[in-house]
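Q: Everything below, folded, please.
(one chain, ligands or ions: 1)
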Amino acid sequence: MSDKLLLDFRSDTVTKPDAPMRKAMYEAEVGDDVYGEDATINQLEAQGADLLGKQAGLFVSSGTQANLIAILTHAGRGDEYITGDHYHSYFYEAGGAAALGSVVPCTLPVNEHGQINKADMLAAIKPDDSHHPISRLLCLENTVNGQVQPADHLTDLCDTAHQNGLSTHLDGARLMNAAIASQQPAAHISKGCDSVSLCLSKGLGAPAGSLLCGSDEFIRKARRWRKMLGGGMRQAGVLAAAGQYALFHNVERLKEDHDNARQLADKLGAIDGVDINLQQVDTNMIYMYLPADKVADLPAYLRVKNIIISPAKKGFRLVLHKDIPASEIDRLAVGVHAYMAA
Ligand SMILES: Cc1ncc(COP(=O)(O)O)c(C=O)c1O
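A: Here you go, the predicted structure:
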């Protein structure tokens, strides 16, 4: 353990492409993807569709773009999408679906596990009445704040949505974390969803890119939205190669991040005054709560120890990823211990 390595716990999005991933990018076969001629992208899209159990895939620039394209493809002007009140597709995507597609969000509270309640969802679906927006889409998420959403729960919500005439989308930015933690194939977890997105640039370690998967017909329409949103990239096979490398080499290793999160959570939870909800630590995220007068100064205190955490109003979110090796996680526990004792 040395303080030389910068430990950045803000997010798994901070992971950097390593040498073998960069080599794969360097060697990627490329072409103009808007003409459908980028062999690496074509391959990655097919691999993504296979992994997620859908007919077709689309390589897009980001998780936000994947969700936006999905919502715009499923729903139109004056339609509504039902989602969790803190799910990313509503709370952290700048209102894109409403601003760019006039799709109205209908948000529901989620429970302490990040789950939407089925009765709440049913109550939110509007009758066919000219006063209401048309309930068109259910938008789910997995993981939610690092918490795995059980496959049965998601499938039940999706089945109920379908019975009521809605389509379903899963924001699976961290779906592979859920798959590894629950030891279930990603395709099984997302089987009830008409479309599913997966980020390659979070724990999987690629520098950019997400996959959006669904039926052939859905992806055909989604491709048009991607173009309209300015997301038709050209020789982006260099990025797709990083995504392919991530899917081959970085999925199984997510377990290390989950193990590190669990170990670190235990250590932090043992410090006087530090509150950790261990039940919440399913994958690579920990939420850490301190007494109110201790919250403001912790990030600056740790920064001089070469540790970055995001500032917090209440709970600090700590995210484990491949650029924080197991050998270094004690540095955060030692730092928080010293801070609390000071
Ligand atoms: C659950 C979830 N969905 C979507 C996104 C959006 O991904 P991007 O930052 O690639 O737009 C994020 C980003 O952190 C996320 O956490």
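Q: mind listing the strands in the stretch 51-200 of the chain by residue range?
A: Assigned by DSSP state E, counting those that start in this stretch, the stretch 51-200 of the chain shows strands spanning 56-60, 79-84, 104-108, 134-141, 167-172, 195-199.
Q: Quick one: those strands as JSON lines, columns for distance to the ligand, mean pLDDT and mean neighbour count too.
A: Using the backbone N, CA and C atoms, a C-beta is placed for each residue, glycine as well. Formatted as JSON lines, the strands of the stretch 51-200 of the chain follow (distance: least, Cβ to the nearest ligand atom, whole Å; pLDDT from 0 to 100; neighbours: other Cβ atoms under 10 Å):
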{"stretch": "strand 56-60", "distance to the ligand": "9", "mean pLDDT": "98", "mean neighbour count": "25"}
{"stretch": "strand 79-84", "distance to the ligand": "10", "mean pLDDT": "98", "mean neighbour count": "25"}
{"stretch": "strand 104-108", "distance to the ligand": "15", "mean pLDDT": "98", "mean neighbour count": "18"}
{"stretch": "strand 134-141", "distance to the ligand": "5", "mean pLDDT": "98", "mean neighbour count": "26"}
{"stretch": "strand 167-172", "distance to the ligand": "5", "mean pLDDT": "98", "mean neighbour count": "29"}
{"stretch": "strand 195-199", "distance to the ligand": "5", "mean pLDDT": "98", "mean neighbour count": "30"}
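Q: Who are the contact partners of the closest residue to the ligand within the stretch 51-200 of the chain?
A: As assessed by Cβ to the nearest ligand atom, the ligand sits closest to residue 63 within the stretch 51-200 of the chain, at 2.4 Å. Contacts for residue 63 (Cβ atoms under 8 Å, 6 or more residues apart in numbering) come out as 88, 171, 173, 197, 199, 201-202, 210.
Q: how close does it sit to residue 264?
A: Using Cβ to Cβ, to the nearest Å, residue 63 is found at 25 Å from residue 264.
Q: Do you know the pLDDT at the residue of the stretch 51-200 of the chain closest to the ligand?
A: For residue 63, the model assigns a pLDDT of 98.
Q: Kindly report the same for residue 1.
A: On the pLDDT scale, residue 1 gets 54.
Q: can you tell me which residues contact residue 332?
A: Counted by Cβ under 8 Å, 6+ apart, residue 332 has contacts 7, 9, 264, 268, 302, 307, 309, 318.
Q: In strands only, show me those residues.
A: 7, 307, 318 (DSSP state E).
Q: Spatially nearest residue to the first one (excluding sequence neighbours)?
A: Excluding the flanking residues, the one nearest residue 7 by Cβ to Cβ, 6 or more residues apart in numbering is residue 307, at 4.8 Å.
Q: Tell me which residues touch the one you found, please.
A: Here residue 307 is in contact with 6-7, 9, 331-332, 335 (Cβ under 8 Å, 6+ apart).
Q: For this protein, which residues are neighbours of the ligand?
A: 13, 62-64, 88, 141, 171, 173, 199, 201, 210 (Cβ under 6 Å from any ligand atom).
Q: Helices of the protein, start to end?
A: 19-26, 39-52, 63-74, 88-91, 96-101, 118-124, 151-163, 175-182, 186-189, 216-228, 237-249, 254-269, 298-303, 330-341 (DSSP state H).
Q: can you pull the pLDDT of the spatially most central residue of the chain?
A: The centroid of the chain falls nearest to residue 173 when counting by Cα atoms, centre = their mean (2.4 Å). With respect to pLDDT, residue 173 scores 98.
Q: Likewise for the one 3 residues further on?
A: Listed pLDDT for residue 176 reads 98.
Q: 486 is where my numbering starts, stick with that
A: Shifting the count to begin at 486 puts that one at residue 661.
Q: tell me the contacts of the nearest residue to it once chain neighbours are set aside?
A: Using Cβ to Cβ, 6+ apart and skipping residues adjacent in sequence, the residue nearest residue 661 is residue 736, 5.2 Å away. Residues near residue 736 by Cβ under 8 Å, 6+ apart: 661, 664-665, 689.
Q: Give me the distance between the spatially closest residue to residue 562 that is not a sequence neighbour and residue 564.
A: Leaving aside its chain neighbours, residue 562 sits nearest to residue 587 (4.1 Å; criterion: Cβ to Cβ, 6+ apart). Look at residue 587 and residue 564: by Cβ to Cβ, they are 8 Å apart.
Q: So residue 569 is in contact with residue 629, correct?
A: Yes: with contact defined as Cβ atoms under 8 Å, residue 569 counts as touching residue 629 (7.1 Å).
Q: what is in contact with those two at once?
A: Shared contacts of residue 569 and residue 629, counting by Cβ under 8 Å, 6+ apart, come down to 595, 599.
Q: and the nearest residue to residue 576 once chain neighbours are set aside, what are its phi and psi?
A: Excluding the flanking residues, the one nearest residue 576 by Cβ to Cβ, 6+ apart is residue 570, at 7.0 Å. Dihedral angles of residue 570 (phi, psi; degrees, to the nearest 10) stand at phi -70, psi -20.
Q: and residue 570, how many neighbours does it have?
A: 13 (other Cβ atoms under 10 Å).
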